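Colleague: This is the structure alone, sequence omitted:
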């Protein structure tokens, strides 16, 4: 995610080939409290919020400096940019984005005690909502399913916005393999995209990034196209189920994971980040068995992409939480400790991982960064260079 950060920069990298991943310069040391060592220009707020959410689900109370870093990124009007190098300077409204703001709201709501900041941010999100009911990455752009899904997860009060997601879903007029999937709008055309589908499934169900594990398994289904307008008749939950059916088919075909086409690669490669997104999305709609199978694959292969990467580690921890697994024992790795090591010493750490079933959802790097940026580039390639890196202007990765 993350795949939502920097469109222009990563889109260019996609066209020209993978460039070296930006690392924090020795001349511009990272501010205290920030997780990770990679350049935060495109994902500072995103990865920080992700980390705070993940640690909270694992019973770790983040350091005050970590929370203060995030709150200090908020602009005067309530929105958050991807990163403010100098919080003392006024924000450029063009740099504020719904993704950074949406995930920051989720993190600060979960931690509690930041009601004024959260309200200001949610008010900003409400003010930049498009007439069609959805959100774009940066205010003023066309709505997209990824941004809309993130904002819905941040504001349960806008659950009705989930209906706007149906405009991005492929129905009976699409080829059978694409039905149920959600697409990203690009150059006036929707392109099937697993990332957009995972975000939309979660959003249509009204879920955020923290999902409580289900005690039952529900098989996601798609409507029978014997009726040409079957998809048009779906409510938000029905659309989410159809999207879940699409994700399940893709995960099964990939042996438990999704794939991405890497620029210059001879064959598709595992898409770890989107697979983690899909796990959380499927867990949200109670498709427990498929979610668990894919989480097991992620845990087994976690070292390949998550080591030293705060956003990736956070995704894994949240996927473990959503499937009822212990993030301190993921394929033999302690994901919580790894993430804790990437930031300031926490204020408190639980002696053991809390059982996800006992904890309900609250309110309702150098090399590390390299891997994450690669994941972002994979995403950009999968939807086309014209789209940002995750669609939203800096929608970076």
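Modeller: Here it is on my side, so go on. The structure presented is a predicted model; accordingly, all values stated were derived computationally and were not measured.
Colleague: so where does residue 281 fall, helix or strand?
Modeller: For residue 281, the host element (DSSP states H and E) is helix 272-284.
Colleague: That helix: how far from the chain's middle?
Modeller: Chain-centre distance of helix 272-284: 9 Å, with Cα atoms, centre = their mean, to the nearest Å.
Colleague: now for that helix, which elements pack on it?
Modeller: Applying 3 or more Cβ pairs under 8 Å, 6 or more residues apart in numbering; DSSP states H and E, we find helix 272-284 packed against helix 194-204, helix 236-253, helix 288-300, helix 302-305, helix 310-322, helix 366-383. (C-beta placed from N, C-alpha, C; glycine too.)
Colleague: Extract the residue ranges of the stretch 51-200 of the chain that are flagged as low pLDDT.
Modeller: Residue ranges of the stretch 51-200 of the chain with pLDDT under 70: 156-161.
Colleague: ok, the nearest residue to residue 170 once chain neighbours are set aside - contacts?
Modeller: Closest residue in space to residue 170, ignoring its immediate chain neighbours: residue 178 at 4.6 Å, by Cβ to Cβ, 6 or more residues apart in numbering. With contact taken as Cβ atoms under 8 Å, 6 or more residues apart in numbering, residue 178 is in contact with 170, 192, 246.
Colleague: Residue 239 too?
Modeller: If you count contacts by Cβ under 8 Å, 6+ apart, residue 239 has them with 162, 165-166, 169, 200, 204, 231.
Colleague: Closest one of the residues you listed to residue 250?
Modeller: Distance to residue 250, by Cβ to Cβ, is smallest for residue 200 among those, at 14.2 Å.
Colleague: what's near enough to touch the closest one?
Modeller: Taking Cβ under 8 Å, 6+ apart as the criterion, residue 200 is in contact with 145-146, 148-149, 165, 168-169, 182, 239-240, 243.
Colleague: just to revisit the earlier point, if you average pLDDT over each of the helices and strands packed on helix 272-284, which is lowest?
Modeller: Lowest mean pLDDT within those: helix 366-383, at a mean of 39.
Colleague: So which of the contacts of residue 200 wins on neighbours?
Modeller: The most crowded member of these, judged by other Cβ atoms under 10 Å, is residue 243 (36 neighbours).
Colleague: Can you tell me how far that residue is from residue 277?
Modeller: Per Cβ to Cβ, to the nearest Å, residue 243 is found 12 Å from residue 277.
Colleague: Residue 258 contacts residue 271, doesn't it?
Modeller: Yes: between residue 258 and residue 271 a contact is recorded at 4.5 Å, counting by Cβ atoms under 8 Å.
Colleague: Now for these two: what residues contact both?
Modeller: residue 194.
Colleague: okay, now residue 73: neighbour count?
Modeller: Other residues near residue 73 come to 25 when the count uses other Cβ under 10 Å.
Colleague: same deal with the one 5 residues further on?
Modeller: Residue 78 is surrounded by 21 other residues when neighbours are defined as other Cβ under 10 Å.
Colleague: List the contacts of it.
Modeller: Applying Cβ under 8 Å, 6+ apart to residue 78 gives the contacts 101, 120-124.
Colleague: Swap in 10 Å and give it another go.
Modeller: 96, 101, 105, 117-128 (Cβ atoms under 10 Å, 6 or more residues apart in numbering).
Colleague: same question, residue 201
Modeller: Residue 201 makes contact with 145, 149, 165, 169, 180-182, 207, 220, 239-247, 277-278, 280-282, 284-285, 287, according to Cβ under 10 Å, 6+ apart.
Colleague: Same question for residue 241.
Modeller: By Cβ under 10 Å, 6+ apart, the neighbours of residue 241 are 180, 201, 204-205, 218-223, 234-235, 285-287.
Colleague: Could you pick out the buried ones from these?
Modeller: Listed as buried from the contacts of residue 241 are 180, 201, 204-205, 220, 222-223, 234, 285-287; burial here means 16 or more other Cβ atoms under 10 Å.
Colleague: Kindly indicate which of the residues you listed lies nearest residue 42.
Modeller: Using Cβ to Cβ, residue 201 comes nearest to residue 42 of the buried ones among the contacts of residue 241, at 25.1 Å.
Colleague: ok, that closest one to residue 66 distance?
Modeller: 30 Å.
Colleague: and if you look at residue 221?
Modeller: Distance from residue 221 to residue 66, by Cβ to Cβ: 42 Å.
Colleague: cool, and residue 251?
Modeller: Residue 251 is 33 Å from residue 66, by Cβ to Cβ.
Colleague: Same check on residue 259?
Modeller: 34 Å.
Colleague: Compare these two and say which is more crowded by neighbours.
Modeller: Of the pair residue 259 and residue 66, residue 66 is the one with more neighbours under other Cβ under 10 Å, namely 23 against 20.
Colleague: Is the more buried one in contact with residue 33, as I believe?
Modeller: Yes: with contact defined as Cβ atoms under 10 Å, residue 66 counts as touching residue 33 (4.8 Å).
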